[in-house]
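Visitor: Fold the stuff below for me.
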Amino acid sequence: MSLTVPPELLDKAERGEVSDADFIACIRESLPYAWSLVSGLAERAGTDADGTGFAANETPPPSEAERGQLLRMVASDAMRAAVERHFGMRLAFQNCHRLALFPPGTDDAYKAFTTPRAQLLNQSPELVDC
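Guide: Below is the predicted model of the structure:
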């Protein structure tokens, strides 16, 4: 299961549209590791401390449970889009942990990060089964 949906939120969804705020709250509560990772990247993304214009995670998750949270968040179009709207940034994902957030105005960096070349250069044998 991707999300733990409270009965009240499920009732809302059955009656009609769900607000982004309600959906984001569900994501944050259901996927705490993934939410924490993205929130931290969002804080760093605007600072441009390393000169790239974006923030990326380089650290593998501490366990398969956390890895699963991250994969579920980025694999769902609805969750990914809601997270992007919430932070006002684009997400990009290269492997089981290399997630990056790109603030507005970093289109060139986003394009470079999402090329086949960048994907290939970010591979290593230990990531084959991640």
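Visitor: Report all helices and strands that the longest helix anywhere in the chain contacts.
Guide: Counting residues, the longest helix found in the chain (DSSP state H) is helix 32-45. Helices and strands touching helix 32-45, by 3 or more Cβ pairs under 8 Å, 6 or more residues apart in numbering; DSSP states H and E, are helix 20-30, strand 55-56, helix 64-75, helix 77-87, strand 99-102. C-beta: built from backbone N, CA, C; applies to glycine.
Visitor: Just give me how far the worst-scoring helix or strand of the chain on mean pLDDT sits from the chain centre.
Guide: Least confident helix or strand of the chain, by mean pLDDT, DSSP states H and E, is helix 116-121 with a mean of 78. Its chain's C-alpha centre and that of helix 116-121 lie 19 Å apart, by Cα atoms, centre = their mean, to the nearest Å.
Visitor: outside of that helix, which residues touch it?
Guide: By Cβ atoms under 8 Å, 6 or more residues apart in numbering, the residues outside helix 116-121 that reach it are 94, 112.
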